[in-house]
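K.L.:
this one's structure only:
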C-alpha cells in the first residue's frame, strides 16, 4: 500500500512542478522600509507592482509572512478595509506568522486585485514596547512556500504521513518552484531554523544524517550535500554534549537531550513535533529512517528551493521591512558646580529627540548630542528615537566639597602608625603625600598611616563624584625619638646600700619607688624601674630596668697541694670570686702552679671587695714512689725541703697501720727497710707535721722493687 500511495503522490508532485516550470514566472516588486511606532499599525508596503505573463494574469494565493523578528502571540498581519476587496479573503496562521490572501470561491485571483489588497495589509503588535525589526516576505503562491529574504530561498512543508527519510529525500528532488530545484531542507542558520522549523505548520524530515559515521552529522542534500566531493557538509560532532563547527539546533530542553541515537539506529534529522510538551519549538531530534511512535511519527518533510547549480533568478517574492526605533545607548554627564552639561544618546534608527518631561512637555533638541542650558542642580531629561518610549538621562551637578582637619599636628614617640582624622561636608576624604597630584594613600575620614620612621606630611582632599575640594589640607606628623635607656644589673655588698642612676640628665623621672630624682639609694635587692620622660614638645617616655643583686660570701673548703700545684676549692664557687696566694695578686682561676715550698696562705674574695676568706697550706715536694735498688736513682724516699723545718716530723706506716719509721731534721730519708730488713713492694702511708701547731698533711706513696 505504501509504494502505490507514494508513487501516486510522486506523480502529482512531478506534474505540478512541470506545470510551474513551463510558465514564465511573474515578478513582484515592493517598497516600504519604514519606522514603526508602538501602539499603532502600519501598512507593510508603500507600493507594490506585479508583472506577469499575459497568458497567466492570476494566481491562487499571495502569502505574506513575517520572515524575521516574528513574536508569536504579539505580532499580527491583517487586511484593512476588507469590503474594498470582495474577491479576497484572508487566513492568518499564528504559528507561521503568515497571512494568506486567496479567493473566497477557490478560483484564481487577478494580480491587480492582489496588488490592491497587499497595499492594505497592516502590521500591528499587542506589545506595549516591541523592539527590533520585522522583515515581511510577499510570495506569489503556488503551494505554501515560505520566503527568506536574506538568502532568497523558499521553504515548503509537504504533508506525507509515515514517509521515511530516504523517501522524503528522493521526493524532494522531484519538486520545482518556478524552475528552482527542490531538496530536503538544510537549515544552516538561525533564521532558517525559525522560518522553516519553528514557523512550520507540522514537523518533518530535514536533510541531515550520520548514517555513514555514527556521531558525524552531515547535510547530505542541496548545495551543502554537493560539497566536499559529494560527501556533504559536517554540522555536528558527537552526541547531545557534542559541538557544531557552524550551526545546529538540536532539542536540548528539559528532558530532551538530542541527538541520543536511541536504540542505536537513529541516524536521520527531524523537526520535533510542536505539540510535544517541553520541547524546543522547531528544535531537531534524531530518528530511525521510519521515524517512531506517537509524537515521533513522521508527518511529512520540508523542501528548500534555491542555491542549486543552474537555478534561475526568480522575482516571485519581494520583501519590505519595518524597524521599531529605540534608544540603544545613553551617556549621561556631570560637572562640578553650576554650568552646562553635554548629554549623548544613540538610536537604532530615526531621529533622536530630547524632551524636558517623560510625557508631553517641550521638544528641546533633535540630534545625538544635547548641551543643556546652565544648570544649578541635577536635572533629568528624556530622550526618544522618533516615537519610541522616552528614556531618562540625568545631567548631574555635583557640589564641590570642603574638607576640615580635626588635628593639623600629630606626633608619636618612636616609629609606628598614626591615626589622622578629617571631615567633609559631602563626599569622601582621600589622603595624599603631596599637596598636588600623587597617588591616593587611603580613603575615609579616619586614616591609619603605615609604619613611620621619620617626619611625614599628609594632605587630605574631599571628593564628591569627581569634584574635589579647592585645596588639600596639610597634616604634619612628627616622629620623636624616645630617651635612649639601657637596662642594668648592679651588685651590692650585703647589708649595704647602692646608688641607682637613670644616667640621662635633664629629663623627668619616676622610679618604681615613687621617687622623682635622677639618682636614688636602695638597700634591698630586687627589680627597680624608672620612667625617663623628655620635656615638651616631645614628652616621650622610656622605661629603664635595674636589677639589684648581692654576691655570696666566699668560703674555702680545701686547699689541694700536688707537688708545686695548688688548687683552692670553695664550698660554693661563683664566677665573681677571685683568688690569690700572696694576698696582693688576684686571679680568676683557683689553680696556682710552681708554688714555692713552705707554709703558705690561700686567699679568696668577691670582685666588689665585699667579703673574703683565707686558709694556710704547706707546699712540700713529696715523692709518689721510690725504688731502693742501689742504682743511684730514687733509692730513698725523701720529702724535699723538710730540712728547712727543724720541728717537722714524718711518720711512715705500712698498709696495716704499723709504724715503720719516723723522719725528721736528723733523718731525712727512708731506704725501704725495717730493722735493716728490706720491706716488700707495696703502698705506704705518711703523716707530716711541720710543728705541733701547724696543719697535718697525710698521703701515700709506693715502694717499687
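P.N.:
Ah, there it is. What you see is a predicted model; the values in this text were computed from it and never measured. Numbering: from 1, shown residues only.

K.L.:
burial count for the residue lying closest to residue 604 once chain neighbours are set aside?
P.N.:
Residue nearest to residue 604 in three dimensions, not counting chain neighbours: residue 554, with 4.3 Å by CB to CB, 6 or more residues apart in numbering. C-beta: built from backbone N, CA, C; applies to glycine. By other CB atoms under 10 Å, the residues close to residue 554 number 24.

K.L.:
contacts only, for the residue nearest the centre of the chain.
P.N.:
Residue closest to the mean C-alpha point of the chain, counted by CA atoms, centre = their mean, is residue 442 at 22.2 Å. Contact analysis of residue 442 by CB atoms under 8 Å, 6 or more residues apart in numbering lists 430, 431, 448.

K.L.:
who wins for neighbours among the residues you listed?
P.N.:
Within the contacts of residue 442, most neighbours by other CB under 10 Å means residue 430, with 24 neighbours.

K.L.:
hang on, residue 46 packs against residue 118?
P.N.:
No: look at residue 46 against residue 118 with CB atoms under 8 Å: they stay out of range, at 11.1 Å.

K.L.:
the more surrounded of the two?
P.N.:
With neighbours defined as other CB under 10 Å, residue 46 and residue 118 compare such that residue 118 has more, 27 against 12.

K.L.:
tell me the bridge partners for the closest residue to that one other than its chain neighbours.
P.N.:
Spatial nearest neighbour of residue 118, chain neighbours left out: residue 48 (4.8 Å); criterion: CB to CB, 6+ apart. Beta bridges link residue 48 to residue 30, judged by DSSP bridges.

K.L.:
could you pull out the strands for the stretch 251-400 of the chain?
P.N.:
Per DSSP state E, counting those that start in this stretch, the stretch 251-400 of the chain carries strands over the ranges 268-271, 284-287, 300-305, 317-323, 327-331, 333-336, 342-347, 352-355, 363-366, 369-371, 379-385, 391-398.

K.L.:
now for the nearest residue to residue 70 once chain neighbours are set aside: which residues touch it?
P.N.:
Excluding the flanking residues, the one nearest residue 70 by CB to CB, 6+ apart is residue 97, at 3.9 Å. Going by CB under 8 Å, 6+ apart, residue 97 touches 65, 66, 67, 70, 72, 75, 77, 199.

K.L.:
for residue 550, grab the count of nearby residues.
P.N.:
Neighbours of residue 550 (other CB under 10 Å): 17.

K.L.:
if I look at the residue nearest to residue 70, how far off is residue 599?
P.N.:
Separation of residue 97 from residue 599 (CB to CB, to the nearest Å): 137 Å.

K.L.:
Three-state assignment for the spatially closest residue to residue 249 that is not a sequence neighbour, please.
P.N.:
Distances taken as CB to CB, 6+ apart place residue 193 nearest to residue 249, at 4.5 Å, with adjacent residues excluded. Secondary structure assignment for residue 193 (DSSP: H, G, I helix; E, B strand; the rest coil): helix.

K.L.:
do you know how far residue 193 is from residue 70?
P.N.:
With the distance defined as CB to CB, residue 193 ends up 13 Å from residue 70.

K.L.:
neighbour count winner among the two?
P.N.:
Between residue 193 and residue 70, counting by other CB under 10 Å, residue 193 is the more crowded of the two (23 against 20).

K.L.:
done for today, thanks.
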